[in-house]
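Q: model this:
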Amino acid sequence: MKTVLITGANKSIGFETARQLLQQGYYVYLGCRDMQKGEEAVRQLNAEGLTNVEPIVIDVTDAESVKSARTVLGQKTKVLDVLINNAGVSGTMQNALETEMSVFRAVFETNFFAVIQVTQAFIGLMMDAPEPRIVNVTSGLGSIALHADPSWKYYNVKVASYFPSKASLNAYTLALAHDLKETAFKVNVVDPGYTATDFNHHSGPGTVPDAAARVVKAAVLGADGPTGTFFSDDNSPETGISPW
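A: Below is the predicted model of the structure:
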């Protein structure tokens, strides 16, 4: 049975991603900052007959928490097949001149630096997996190419702290994919789409199940699947691959 760790998985897209992977036969480690919330999420999945799941406490911005989570997971499994870096924050809608430095730092800490921290901590558990997959959950707003195109539908949605944090995440993913190109790893970023969640005050038109399905698709890629790819049905509905 393949194993997967999902950060920020006790609610919303992360939770639905866990549900869908459980339905596909994966054993899911539900990453969450609060054990009580994680246990409640597990109880909900258990009530649906999905039992191969357990919570793992991990605050992705806290080095000691990440280290502890790695120790705990290493005691539960010798191999991690899939890592989904899903946890993220939105920042504010302020412009580039008004957004406070504290906001930039907080957003980058979660959306960028934490992904590196978690990936480096858990990569050792993935080395013996036959088909290891790393999925970094990005945003369509992370495309620098599209932000430079005045005809793009989200051209005016710059979100001074969030957009650069996701663009940086995309760049890191490319670097990681390159470093692992001679291995069985597939390392990709996925834009779940503009989805109605707490993250955006339920303003998005997309559904959580559809968003999670996009993440799952990258998590279960076969050996012939791509690596170093920016998947986005929202940015590129015809190809499903967004420009960087």
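
Q: what is the burial count for R33?
A: Here the number of neighbours of R33 (other Cβ atoms under 10 Å) works out to 17. (C-beta placed from N, C-alpha, C; glycine too.)

Q: quick one: residues contacting it.
A: Contact analysis of R33 by Cβ atoms under 8 Å, 6 or more residues apart in numbering lists 57-59, 65.

Q: at 7 Å what do you get?
A: R33 makes contact with D59, according to Cβ atoms under 7 Å, 6 or more residues apart in numbering.

Q: next one: S143
A: By Cβ under 7 Å, 6+ apart, the contact set of S143 is 235, 242-244.

Q: likewise I134?
A: 83, 119, 185, 187.

Q: run the last query once more with 6 Å
A: Residues in contact with I134 (Cβ atoms under 6 Å, 6 or more residues apart in numbering) are 83, 187.

Q: on the C-terminal side of the helix or strand where it lies, identify the next helix or strand.
A: Assigned by DSSP states H and E, I134 belongs to strand 133-137. Sequence order places helix 144-147 as the next helix or strand after strand 133-137, per DSSP H and E.

Q: ok, the closest residue to L125 other than its chain neighbours - contacts?
A: Excluding its sequence neighbours, the residue lying closest to L125 (Cβ to Cβ, 6 or more residues apart in numbering) is L80, at 4.0 Å. Neighbouring residues of L80 by Cβ under 6 Å, 6+ apart: 3, 5, 122, 125-126.

Q: picking up where we left off before, so among the contacts of S143, which ones count as buried?
A: With neighbours counted using 16 or more other Cβ atoms under 10 Å, these contain these buried positions: 235, 242, 244.

Q: what's the closest non-adjacent residue to the first one?
A: Spelled out, it's N235. Using Cβ to Cβ, 6+ apart, the nearest residue to N235 is S242, at 3.8 Å.

Q: the one you found reaches F231, doesn't it?
A: No. Using Cβ atoms under 6 Å, S242 is not in contact with F231; the gap is 7.2 Å.

Q: quick revisit: nearest to T173, of the contacts of S143?
A: Top of the list for closeness to T173, among those and by Cβ to Cβ, is W244 at 10.0 Å.

Q: any idea of the pLDDT on the closest one?
A: Looking at W244, its pLDDT is 98.

Q: now do D198
A: pLDDT recorded at D198 is 61.

Q: quick one, strands of the chain?
A: Secondary structure of the chain, counting by DSSP state E: strands at 3-6, 27-32, 53-57, 82-85, 133-137, 186-190, 230-231.

Q: for this structure, which spans come out with low pLDDT?
A: The chain contains residues with pLDDT under 70 at 93, 196-205.

Q: where do the helices sit along it?
A: For the chain, the helices defined by DSSP state H occupy 12-23, 35-47, 63-76, 101-108, 114-126, 144-147, 162-179, 208-219.

Q: what about E54, how many neighbours?
A: Using other Cβ under 10 Å, E54 is surrounded by 13 other residues.

Q: ditto for the one 3 residues further on
A: Residues lying near V57 (other Cβ under 10 Å) number 16.

Q: then the one 3 residues further on?
A: V60 is flanked by 25 other residues according to other Cβ under 10 Å.

Q: I figured it hits F112, correct?
A: No. With contact defined as Cβ under 6 Å, V60 does not reach F112; the gap is 10.8 Å.

Q: and the gap between E39 and T3?
A: 19 Å (Cβ to Cβ, to the nearest Å).

Q: those two: who's more crowded?
A: Neighbour totals were compared for E39 and T3, and T3 leads with 22 against 15 (other Cβ under 10 Å).

Q: what residues are up against that one?
A: Residues in contact with T3 (Cβ under 6 Å, 6+ apart) are 27, 77, 80-81.

Q: likewise T61?
A: So T61 contacts 109-110, 114 (Cβ under 6 Å, 6+ apart).

Q: now D81
A: Going by Cβ under 6 Å, 6+ apart, the list of residues near D81 reads 2-3, 129.
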